[in-house]
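Asks: Next come a sequence and a model predicted from it.
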Amino acid sequence: MYIVTAEEMYEIDRYAIEKGGIAGKLLMENAGSQVAHQIKKAYDINQRIAIVVGSGNNGGDGFVIARYLVDYGFDVTLFQLVADEKIKGDAAYHKELWLNQSDKLELVTESNQLKDRLIAYHLVVDAILGIGVSGEIREPIRGMIEVINQLDLTRISVDIPSGLPANDGEDVDIAVKADQTYIIEAPKVSTFCEPTSNYYGNWDIVKIGIPTSAYLDVASRRWRTTSDVQASFPNRGTYAHKGSNGRGVIIGAQPTMPGSVLLSSRAALRSGAGLITVATLKENISIIANGCVEATYHVLPNLIDRLSDKDLKAFDQFDAIAVGMGMGRAKSELLSSLIENLDKPVVIDADGLYHLKTFLDQKAEKRANLIITPHYGEMAMLSNLPVSEIKKAPFEVSKQFAIKHNLYIVLKGKNTIITTPNGTQMVSNQGNPGLAKGGTGDVLSGILLTMIMQHPSILEALANGSYIHGMAADLLIDLKQHTEIDLLATDVIEGLSQVFRTLS
Ligand SMILES: NC(=O)C1=CN([C@@H]2O[C@H](COP(=O)(O)OP(=O)(O)OC[C@H]3O[C@@H](n4cnc5c(N)ncnc54)[C@H](OP(=O)(O)O)[C@@H]3O)[C@@H](O)[C@H]2O)[C@@H](O)CC1
Ligand SMILES: Nc1ncnc2c1ncn2[C@@H]1O[C@H](COP(=O)(O)OP(=O)(O)O)[C@@H](O)[C@H]1O
Ligand SMILES: [K+]
């Protein structure tokens with residue numbers, strides 16, 4: 001499933017009309033009929049429904065929704081919030097069809113008037129503004145959005161809550177706070193950004209018949225679904241041996257943080273790695289080995305000096321490397337020596353990101369394929385941008401950073417955004433606030449390490465890994481084994497088993 005900006009949606013729409021020969025009127029018919037169908041399935045027939053329409057094609061969808069809902073037996077009134085001459089093109093055509101069927105159309109041009117009228121309704125369908133919104137929201141629409149937000153109504157937005165930008169990087173002026181949004185055809189970028197996602201409420205996508213070919217040259221962001229994961233998950237051959245399931249090394253842990261590497265190594269093994277070696281300080285080994293008897297151990301004299309030729313040679317035997325968990329932030333050359341010398345995928349997390357920052361802008365020779373896994377605070381540190389700016393434009397910031405530094409980014413949060421060095425992006429929105437605890441990132445690093453070793457595409461591997469990490473947390477809560485309060489990083493590791501059973 002593609003994720004689009006407003007401009008991309010218009011281009012895709014144009015392609016469907018010009019190349020696909022699907023008339024705009026038909027796309028609008030499909031959009032409205034699909035939304036009405038969803039409303040019928042989800043809401044009680046006794047709900048009195050007000051549909052508020054604006055001047056654009058979003059309003060046009062509203063006319064179609066009205067026509068279908070009346071046919072389903074709902075009590076519907078249509079409120080037109082703009083003058084008659086503003087309704088043009090496909091929207092005017094569908095207004096005419098509505099008027100052929102019903103005389104329930106009221107022109108309301110002031111917010112107070114709208115307030116008086118909406119009081120009698122249970123549910124409002126918001127078809128005021130769609131993805132064509134630009135600049136500050138003007139009166140009287142502004143006041144009308146305020147009224148809709150104030151009233152005790154169920155708010156259902158069509159395509160996007162009116163007033164909300166579709167893209168990232170734009171400030172929210174005022175927008176409908178929807179209980180439910182039926183997104184037309186493809187999720188918009190703002191669906192996945194923290195400052196805007198809450199406005200959508202619960203959301204579903206309705207397809208309107210645009211062929212996938214319309215997206216191919218236009219959109220470069222995708223939303224990961226269960227079926228994507230199932231389709232690309234590596235199969236285990238009957239004659240598999242531990243070497244064919246990936247041999248990985250995990251480097252890190254000061255004596256004060258052995259748990260970090262323990263979590264990563266257990267998570268890597270529980271995700272199916274053939275062999276995991278933990279490279280750490282001697283004093284950590286008995287503690288980590290106590291919790292992870294399946295791993296083997298490599299002793300490092302310290303986590304500060306450049307890696308010796310002997311260590312590099314040993315690490316060269318592995319398929320991929322994860323580094324940085326619990327490593328500490330004292331000045332260290334370990335990471336730079338690793339990525340200058342080894343031609344492997346390297347997952348860099350936690351303190352490793354601080355070390356990376358010290359040489360990222362210099363022209364250090366990089367042989368390794370770098371994958372960084374920052375949360376928003378770490379991304380702010382790496383990019384020198386405030387967290388608020390990154391939250392506002394996570395797609396754009398990640399894309400520029402990944403291209404500039406030629407690396408993969410897994411930007412972690414409620415919606416984890418994965419970006420490749422050429423700017424292709426994928427989003428996993430699995431997971432819940434139970435994951436907002438120390439150690440869950442270490443678990444993710446271990447899972448990602450295994451996925452990378454088992455999949456030829458790093459992007460697919462990172463998307464699958466992020467998905468199953470979040471899905472484990474979700475299943476543990478859905479199946480009532482834990483709550484968001486008591487869920488721990490170790491539980492996520494144990495929850496992987498349920499994920500694999502569900503996916504297979
Ligand atoms: N994607 C698809 O394939 C399909 C998409 N479809 C639907 O079309 C929708 C996009 O339609 P669209 O382009 O007509 O834009 P949309 O937002 O309805 O109206 C724009 C108008 O709003 C106004 N306005 C703008 N800014 C404003 C402001 N700040 N403050 C106040 N007013 C403001 C301005 O009007 P003005 O007052 O300037 O005349 C402008 O002209 C899309 O979201 C989806 O629902 C489906 O029908 C089928 C296929
Ligand atoms: N509210 C949330 N909803 C879904 N996932 C979350 C939420 N908060 C955190 N996560 C996930 O939990 C993990 C936290 O990672 P991180 O912050 O690095 O933790 P730590 O460094 O303590 O191990 C990430 O994978 C992130 O996507
Ligand atoms: K809308």
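Replies: Received it, and whenever you're ready, just let me know what you need. Ligands and ions are numbered 1, 2, ... in the order given.

Asks: Against residue 206, how distant is whatever residue of the stretch 401-504 of the chain ends up closest to ligand 1?
Replies: Ranking the residues of the stretch 401-504 of the chain by distance to ligand 1 (CB to the nearest ligand atom) places residue 427 first, at 19.5 Å. Any C-beta I mention is one placed from the backbone N, CA and C, and that applies to glycine too. Note on residue 427: its distance to residue 206, by CB to CB, to the nearest Å, is 19 Å.

Asks: Name the residue in the two with the higher neighbour count.
Replies: residue 427 (24 against 19; other CB atoms under 10 Å).

Asks: That one contacts residue 197, correct?
Replies: No. Contact criterion CB atoms under 8 Å: residue 427 and residue 197 do not qualify, at 11.2 Å.

Asks: Pull up the overlap in contacts between the two.
Replies: Here residue 427 and residue 197 share the contacting residues residue 415, scored by CB atoms under 8 Å, 6 or more residues apart in numbering.

Asks: sorry, back to before: the residue of the stretch 401-504 of the chain closest to ligand 1: helix or strand, and which one exactly?
Replies: strand 425-428 (DSSP states H and E).

Asks: so how far is the helix or strand just after that strand from its chain's centroid?
Replies: Using DSSP H and E, the helix or strand that directly follows strand 425-428 along the chain is helix 440-454. Centroid displacement of helix 440-454 relative to its chain, using CA atoms, centre = their mean, to the nearest Å, is 18 Å.

Asks: does residue 338 count as helix, strand or coil?
Replies: helix (DSSP: H, G, I helix; E, B strand; the rest coil).

Asks: can you pull the contacts of it?
Replies: Contacts of residue 338 (CB under 8 Å, 6+ apart): 251, 307, 312, 315, 321, 323, 346, 368.

Asks: Skipping adjacent residues, who's closest to the third one in space?
Replies: Nearest in space to residue 312, with sequence neighbours left out and distances taken as CB to CB, 6 or more residues apart in numbering, is residue 341 at 5.1 Å.

Asks: Wait, that neighbour touches residue 306, no?
Replies: No. Using CB under 8 Å as the test, residue 341 is too far from residue 306 to be in contact (9.0 Å).

Asks: out of those two, which sits in the more crowded spot?
Replies: Shown here are residue 341 and residue 306; by other CB under 10 Å, residue 341 has more neighbours (19 against 16).

Asks: which residues touch whichever residue of the chain sits closest to ligand 2?
Replies: Ligand 2 sits closest to residue 441 of the chain, with a gap of 2.2 Å, by CB to the nearest ligand atom. Contacts of residue 441 were listed using CB under 8 Å, 6+ apart, and they are 349, 350, 373, 375, 412.

Asks: Identify the farthest-apart pair in the residues you listed.
Replies: Farthest-apart pair in these is 350 and 412; separation 11.0 Å (CB to CB).

Asks: now the closest residue to ligand 3 within the stretch 51-200 of the chain, what's its secondary structure?
Replies: Nearest residue of the stretch 51-200 of the chain to ligand 3: residue 162, at 4.1 Å (CB to the ion). Per three-state DSSP, the local secondary structure of residue 162 is coil.

Asks: wait, doesn't it sit right on residue 145?
Replies: Yes. Residue 162 is in contact with residue 145 according to CB under 8 Å; the separation is 6.0 Å.

Asks: anything in contact with each of those two?
Replies: 128, 175, 176.

Asks: Inside helices: which ones of those?
Replies: Among the shared contacts of residue 162 and residue 145, DSSP state H puts none in helices.

Asks: Export these as TSV, with columns for distance to residue 463.
Replies: Listed next are the shared contacts of residue 162 and residue 145 as TSV, based on distance: CB to CB, whole Å:
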residue	distance to residue 463
128	35
175	29
176	31
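
Asks: Let's see if you can find the most crowded of those residues.
Replies: The most neighbours, when the shared contacts of residue 162 and residue 145 are compared by other CB under 10 Å, belong to residue 128, which has 29 neighbours.

Asks: how near is that one to residue 187?
Replies: Distance from residue 128 to residue 187, by CB to CB: 20 Å.

Asks: Likewise for residue 361?
Replies: From residue 361 to residue 187 the distance is 34 Å (CB to CB).

Asks: Compare these two and say which is more crowded by neighbours.
Replies: Between residue 361 and residue 187, counting by other CB under 10 Å, residue 187 is the more crowded of the two (25 against 9).

Asks: now the closest residue in space to the more buried one that isn't next to it in sequence, what's its secondary structure?
Replies: Excluding its sequence neighbours, the residue lying closest to residue 187 (CB to CB, 6+ apart) is residue 3, at 5.1 Å. The three-state assignment at residue 3 reads strand, by three-state DSSP.

Asks: Same question for residue 249.
Replies: strand.

Asks: what about it, neighbour count?
Replies: 28.

Asks: before we move on, what about residue 25?
Replies: Neighbour tally, residue 25, other CB under 10 Å: 17.

Asks: Ramachandran angles for the closest residue to ligand 1 within the stretch 251-400 of the chain?
Replies: For the stretch 251-400 of the chain, the residue closest to ligand 1 is residue 392, as judged by CB to the nearest ligand atom, at 18.4 Å. Dihedral pair for residue 392: phi -70, psi -30, per degrees, to the nearest 10.

Asks: repeat for residue 33
Replies: Torsion angles, degrees, to the nearest 10, at residue 33: phi -70, psi -40.

Asks: what sits against it?
Replies: Contacts of residue 33 by CB under 8 Å, 6+ apart are 64, 68.

Asks: Give the residue spans of this structure that score low on pLDDT.
Replies: For the chain, residues meeting the criterion pLDDT under 70 lie at 363-364.

Asks: Write out the residues of this protein neighbouring ligand 1.
Replies: 9, 13, 27-28, 31, 54-58, 60-61, 86, 129-138, 141, 158-159, 184-185, 208 (CB under 6 Å from any ligand atom).

Asks: now do 5 Å
Replies: 9, 13, 27-28, 31, 55-58, 61, 129-135, 137-138, 141, 159, 184 (CB under 5 Å from any ligand atom).

Asks: among those, which ones are buried?
Replies: Neighbour-count burial (16 or more other CB atoms under 10 Å) is assigned, among those, to 9, 13, 27-28, 31, 55-58, 61, 129-131, 133, 137, 141, 159, 184.

Asks: Take those residues and keep only those in strands.
Replies: In strands, defined here by DSSP state E, the members of those are residue 184.

Asks: measure stretch 74-93 end to end?
Replies: Start-to-end span of stretch 74-93 (CA to CA, to the nearest Å) is 22 Å.

Asks: where do the strands sit along the stretch 101-250 of the chain?
Replies: For the stretch 101-250 of the chain, the strands defined by DSSP state E, counting those that start in this stretch occupy 105-107, 123-127, 154-158, 180-184, 202-206, 221-223, 247-251.

Asks: quick one: residue 330 and residue 302 touch, right?
Replies: No. Residue 330 lies out of contact with residue 302 (CB under 8 Å); the separation is 9.5 Å.

Asks: Contact partners for the closest residue to residue 182 other than its chain neighbours?
Replies: Distance criterion CB to CB, 6+ apart; nearest residue to residue 182, sequence neighbours excluded, is residue 35 at 4.5 Å. By CB under 8 Å, 6+ apart, residue 35 lies in contact with 61, 65, 125, 158, 182, 184, 206.
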